[in-house]
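J.: Return atomic coordinates for the entry below.
(chains A and B)
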2 protein chains.
Amino acid sequence: MLLMTQNGSRPRVVIIGAGFAGINAAKALSRVPVQVTVIDRKNHHTFQPLLYQVALAVLSPAEIASPIRSVLRRDSNMEVLLGEITGFDLDRRRVRIGGLSEDLPYDYLIVAAGATHAYFGHPEWAEYAPGLKTVEDAIEIRRRVLLAFERAEREAIVGQTSIPLTFVVIGAGPTGVELAGAIADISKRYMESDFRAIDPTKARIILLEGGPRVLPAYPEDLSASAERQLTEMGVEVRTNALVTNVEQGLVTVGKEEIPAAAILWGAGVSASPLGKMLGVPTDRAGRVLVEPDLSIPGHPEVLVAGDLAAAKISDTKWVPGVAPAAIQMGRFAGRKIKQLVEGKPDRDKDQFVYRDKGSLATIGRSRAVADLGRLHISGFFAWLAWLFIHLFFLIGFRNRFLVLSEWAWAYLTYNQGARLITEPIESERITAPKAKVG
Amino acid sequence: MLLMTQNGSRPRVVIIGAGFAGINAAKALSRVPVQVTVIDRKNHHTFQPLLYQVALAVLSPAEIASPIRSVLRRDSNMEVLLGEITGFDLDRRRVRIGGLSEDLPYDYLIVAAGATHAYFGHPEWAEYAPGLKTVEDAIEIRRRVLLAFERAEREAIVGQTSIPLTFVVIGAGPTGVELAGAIADISKRYMESDFRAIDPTKARIILLEGGPRVLPAYPEDLSASAERQLTEMGVEVRTNALVTNVEQGLVTVGKEEIPAAAILWGAGVSASPLGKMLGVPTDRAGRVLVEPDLSIPGHPEVLVAGDLAAAKISDTKWVPGVAPAAIQMGRFAGRKIKQLVEGKPDRDKDQFVYRDKGSLATIGRSRAVADLGRLHISGFFAWLAWLFIHLFFLIGFRNRFLVLSEWAWAYLTYNQGARLITEPIESERITAPKAKVG
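T.: Take a look at the predicted model:
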């Protein structure tokens, strides 16, 4: 099926979002006779699996984020447009971009706008407990964690009092586990020689999980192993701990109030609002219920890929919201459009098939769990697997070698070079956390 | 003269500011039996001479900024306090810190709070024309310059119009020259393959200088050479061009209005307001008129060092506000206090003597000027000298090797990895610059 182009020249493919799905869709179209326009709100592609290392000051933003223009610079049929989508006109095949009076026409559209945090119907918690989806989020978390130590040191020097250095991480999915483990790592080891008046190794790290076990998506034996590894690192793991309120420096679990120097969010995700904007059926999390070939009902020229797509594996199972799935969906969407453009029927492109290559969750320095189907690994070897797989996927990032150097350096020396607090620091922000009341 | 300590134990030296002067003062006290407290508003020391490379996206912030705690971690008699000074009590020997109820007592005080931009009595221009003193400034300039290109590309793709890509740099001192040269470098070379709809090499870069020549503090032949090198790079240099107004996207020079995609400030500096807060005589720029030994009148235990100090070389000549001078003053101040603590009279410490080792200003890739007294160098060899001297001074920064790698990589490949726009981008910010009126 070859659709007519809108202007008689090369068909234009508009790709919304330059995450794993969007970039891989674009790459699949690099030698196809189409004009590709990649639109994103940011000018960079973010290697999300390593964001937590920026948040905990091991890596710098530029080491895990790459300008989209750099990623696509060798593909002469690609253009990049910085902007935010404000509407779709599926019938006239146009997208609306904030701040521009003219709409952008397309012949094919791939929507890969990803997901954001969900605060269980409490958007007001976002201010007090930042999540981790973007480079800005990572910088904000880094700022809050480092400022917590600074504040404690400062009080100890001048006021001769000591305030509790408690970090609360809400949600024990992969992000929550990574964050809790990384705070334990840096406070118990890296920061020891940094402070004079406080003892960073005395920091408390509390990981709260509403369900019965950490890493709920993993097999039970690996959840148990992850919890054991976290406990060995000094993290207090509390399962079945339902958070009922979050405010400035205070987390409420049932009737217990936990004062916190910093609160981080590792819990729910919800799909980008662009899913609903398409005007097609979505699931509870706002993900678009796509056809087997990732298109939306009635519009074979519009595909949805990545975390925004609710694609079925079986009647009861869905493709998970992980990087490998986004990469596979992106590639499929790109190839699907290639097939549509070339007019060659291809049965392989009628249905997206997810290939589960296993899951890895890192917990800390030399600690991880790996679910490779029948093979479950924990500890150092799982961590080594994690390390090599992530380095491998950094291909295309110019700074893979630099990241490896940084890692090796950090591993050997407990270095601390990335610990910059770069936003303006107002005095108000360096005040003590809210005291426990009652 | 040994002053009594306030608490009977080791005397406490409070150092305000962790720039070149403050860090070098602290380092001079590392084996002296004193307790040193370094206070800064930022948690990092910034290698200011390379800030413009962050501003123009060649280096990343972490490569030229190092946490103060890292710089001083091996010195067990040093503590670091993140905070802003809000007042001095010189009689009771205390400093007030914003947000804290208790003051911090000292036995010796070194004030090295540096300088900031001056807008010739027009503080409202700051919003439209950011200067370059901090990592945040550099990130803001990077954001504005990169957004200017993004905006032009975006208009060209969607609206099929083209808007003028004009950058205006105000002030042709070393910072202005660096910024203008670097924009020419990246637009004429590095960015060529990045854009599809616009031609970045067509960008105009206008350098405005109120005086008769660029680099006014340099010998005339080097000013002429710098102007020639800038012109060769495609920068339009306008001397005797007095800026009378700056607003959003518009610079006025006399009766001429220049619409600009981004405006950068490389003109005046004024001393930190802490100078005036000391209650001692200051010069017009707010710098403290110090005694020959850098102390303030009537308080031998209070020294001022770096850009905040107005120190005399002769009756008509003053120590310049450059990094080597700040380093020398910092070291002198530290050693002076060592001498006061140890009670050993030392004639060498009665008077600060500035050793002028020459000046270097970089203009662009392979271009610079160097004033080494009788020897004046221009072009590639001046640039090589600049390169090695700056690498040499990066000693103490863990990432000297990484910076060298980045440079070599950037030099060989015109890389673009640091081109991240990391602040939230609102649609309002991606609007066209103000059109020329009349």
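J.: Packing partners of whichever helix or strand A:Val54 is part of?
T.: Element membership for A:Val54, per DSSP states H and E: helix A:51-55. Secondary-structure packing of helix A:51-55 (3 or more C-beta pairs under 8 Å, 6 or more residues apart in numbering or on different chains; DSSP states H and E): helix A:61-64, helix A:135-154, helix A:174-185. Every residue, glycine included, has its C-beta placed from N, CA and C.
J.: helices or strands next to the second one in the packing?
T.: Contacts defined by 3+ C-beta pairs under 8 Å, 6+ apart place helix A:135-154 against helix A:51-55, helix A:61-64, strand A:262-265, strand B:78-82.
J.: among the ones you listed, where is the model least confident on average?
T.: Mean pLDDT is lowest for helix A:61-64 among these, at a mean of 78.
J.: does that helix come close to chain B?
T.: Yes: against chain B, helix A:61-64 shows contacts by C-beta under 8 Å from any C-beta of the partner chain at A:61-63.
J.: In this structure A:Leu230 contacts A:Val237, no?
T.: Yes: with contact defined as C-beta atoms under 8 Å, A:Leu230 reaches A:Val237; the gap is 5.3 Å.
J.: which residues do those two both contact?
T.: Counting by C-beta atoms under 8 Å, 6 or more residues apart in numbering or on different chains, the contacts common to A:Leu230 and A:Val237 are A:207, A:214.
J.: quick one, what contacts A:Val14?
T.: A:Val14 touches A:36-37, A:39, A:95, A:104, A:106, A:108-110, counting by C-beta under 8 Å, 6+ apart.
J.: any idea which of the residues you listed has the most stuff around it?
T.: Within the contacts of A:Val14, most neighbours by other C-beta atoms under 10 Å in any protein chain shown means A:Ile110, with 31 neighbours.
J.: Just say helix, strand or coil for it.
T.: Assigned by DSSP: H, G, I helix; E, B strand; the rest coil, the conformation of A:Ile110 is strand.
J.: And it, how close does it get to chain B?
T.: Counting by C-beta to the nearest C-beta, to the nearest Å, the gap from A:Ile110 to chain B is 17 Å.
J.: Name all residues that make contact with that residue.
T.: Counted by C-beta under 8 Å, 6+ apart, A:Ile110 has contacts A:13-16, A:21-22, A:25, A:302-305, A:330, A:333-334, A:337.
J.: Now flag whichever of the residues you listed is closest to chain B.
T.: Nearest to chain B among the contacts of A:Ile110: A:Val14, at 10.7 Å, using C-beta to the nearest C-beta.
J.: relative to strand A:78-82, how tilted is the one helix or strand that closest one maps to?
T.: Under the criterion of DSSP H and E, A:Val14 resides in strand A:12-16. Orientation check (axes from the mean of the first three to the mean of the last three C-alpha atoms, to 10 degrees): strand A:12-16 against strand A:78-82 gives 40 degrees.
J.: Dump the C-alpha coordinates for strand A:12-16 into CSV.
T.: Listed next in CSV are the C-alpha coordinates belonging to strand A:12-16 (Å, rounded to 0.1, in the frame of the first residue of the first chain):
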residue,chain,number,x,y,z
ARG,A,12,7.7,12.8,4.7
VAL,A,13,7.9,10.7,7.8
VAL,A,14,7.4,12.6,11.0
ILE,A,15,8.8,10.9,14.2
ILE,A,16,7.7,12.4,17.5
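J.: Return the list of strands paired to it, each annotated with direction.
T.: strand A:35-40 (parallel), strand A:108-111 (parallel) (DSSP bridges).
J.: Of all these, which one comes closest to A:Ser270?
T.: strand A:108-111 (15.6 Å; C-beta to C-beta).
J.: all helices of the stretch 301-438 of chain A, in order?
T.: A:323-342, A:380-393, A:400-413 (DSSP state H, counting those that start in this stretch).
J.: just checking, what packs against the longest one?
T.: Same thing as helix A:323-342. So helix A:323-342, by 3+ C-beta pairs under 8 Å, 6+ apart, packs with helix A:20-28, strand A:108-111, strand A:299-304.
J.: pLDDT averaged over the first one - what is it?
T.: Read that as helix A:20-28. 94.
J.: Excluding residues flanking it in the chain, which one is nearest A:Thr244?
T.: Among residues not flanking A:Thr244 along the chain, A:Thr252 sits closest, at 5.0 Å (C-beta to C-beta, 6 or more residues apart in numbering or on different chains).
J.: for A:Tyr354, same thing?
T.: A:Tyr354 sits nearest to A:Val319 (C-beta to C-beta, 6+ apart), 4.7 Å away.
J.: Would you mind confirming that the one you found makes contact with A:Ala325?
T.: Yes: applying C-beta under 8 Å, one finds A:Val319 in contact with A:Ala325, separated by 5.0 Å.
J.: what residues do those two have in common as contacts?
T.: Common neighbours of A:Val319 and A:Ala325 (C-beta under 8 Å, 6+ apart) are A:Tyr354.
J.: from memory A:Leu72 sits against A:Ser66, does it?
T.: No: assessed by C-beta under 8 Å, A:Leu72 is found out of contact with A:Ser66, at 10.1 Å.
J.: Let's see the pLDDT reported for A:Ile143.
T.: No, residue A:143 isn't Ile; it's Arg. 89.
J.: where does chain A dip in pLDDT?
T.: Along chain A, the parts satisfying pLDDT under 70 run over A:1-8, A:160-163, A:346-348, A:392-438.
J.: picking up where we left off before, surely the residue nearest to A:Thr244 is within a helix?
T.: No: A:Thr252: not assigned to a helix; according to three-state DSSP it is strand.
J.: rewinding a little: adding mean neighbour count, write the helices and strands packed on helix A:135-154 out as JSON lines.
T.: Formatted as JSON lines, these follow (neighbours: other C-beta atoms under 10 Å in any protein chain shown):
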{"stretch": "helix A:51-55", "mean neighbour count": "25"}
{"stretch": "helix A:61-64", "mean neighbour count": "25"}
{"stretch": "strand A:262-265", "mean neighbour count": "26"}
{"stretch": "strand B:78-82", "mean neighbour count": "23"}
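J.: Dump the ones you listed to JSON lines, plus distance to B:Leu29.
T.: Formatted as JSON lines, the helices and strands packed on helix A:135-154 follow (distance: least, C-beta to C-beta, whole Å):
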{"stretch": "helix A:51-55", "distance to B:Leu29": "34"}
{"stretch": "helix A:61-64", "distance to B:Leu29": "34"}
{"stretch": "strand A:262-265", "distance to B:Leu29": "33"}
{"stretch": "strand B:78-82", "distance to B:Leu29": "8"}
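J.: which stretch among these comes nearest A:Ala224?
T.: So among the helices and strands packed on helix A:135-154, helix A:51-55 is nearest, using C-beta to C-beta, at 22.3 Å.
J.: Using PDB, write out every CA atom in the closest one.
T.: Output of helix A:51-55 as PDB, limited to C-alpha atoms (Å, rounded to 0.1, in the frame of the first residue of the first chain):
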ATOM      1  CA  LEU A  51      20.400   8.400  34.300                       C
ATOM      2  CA  TYR A  52      20.600   7.300  37.900                       C
ATOM      3  CA  GLN A  53      24.400   7.500  37.600                       C
ATOM      4  CA  VAL A  54      24.000  11.200  36.800                       C
ATOM      5  CA  ALA A  55      21.500  11.600  39.600                       C
END
